[in-house]
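Enquirer: next come a sequence and a model predicted from it.
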Amino acid sequence: MSDSIHPTAIHHLPPFVTAPGETDVLFNVVVIFMILAIFALGTFYLRLHSLPETMAHKSHKVQYELVAVLGLISLLTHNNIFWIAALILALIDLPDFSSPLAAIARSLERIAGNEDKPVAAEPKVAEPEPVASQPAASDQASVEGKV
């Protein structure tokens, strides 16, 4: 075979064109870049997706669970409205209604005189020590050698 170039071909080839039988460096670089880009985008997507959960982590348990469920539903159904709802719920600090209501209930019980009084501590009865069915080994007389 001759190494001559075909008469209709251009005489100067660009550097990304490889000769037959040689390694295509540009292809290998693009494959590695695409694999890294896919992993980077996937990591970014999952980190962005878990943003409402990390924001709601410091809030109340019920609010955190609601945000986590909404985030999971949005991940599985690909409906962005669930993710937006989770983000808004994570940003809003829900007021604590149960503590003031419990304080009001305790105050009303105290006013009515129905508050739970602590039960007086009953005196403890000393339990007798259990009697062993067999005496300890040191209490038994040695019977070895006696016939």
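Expert: Arrived safely. Everything numeric in this text was worked out from a predicted model, so none of it was measured.

Enquirer: packing partners for the longest helix belonging to the chain?
Expert: For the chain, the longest helix by residue count, based on DSSP state H, is helix 25-49. Using 3 or more Cβ pairs under 8 Å, 6 or more residues apart in numbering; DSSP states H and E as the contact criterion, the secondary-structure elements in contact with helix 25-49 are helix 61-77. The way it works is simple: take the backbone N, C-alpha and C, and place the C-beta from them, glycine included.

Enquirer: any buried residues in the helix it packs on, and which?
Expert: Within helix 61-77, the residues that qualify as buried are 63, 64, 66, 67, 68, 70, 71, 74, counting by 16 or more other Cβ atoms under 10 Å.

Enquirer: and of the residues you listed, the nearest to residue 30?
Expert: residue 74 (32.9 Å; Cβ to Cβ).

Enquirer: between the longest helix of the chain and helix 61-77, how many degrees?
Expert: In terms of direction (axes from the mean of the first three to the mean of the last three Cα atoms, to 10 degrees), helix 25-49 departs from helix 61-77 by 140 degrees.

Enquirer: can you name the next helix or strand after helix 25-49?
Expert: Stepping forward along the backbone from helix 25-49, the first helix or strand reached (DSSP states H and E) is helix 51-56.
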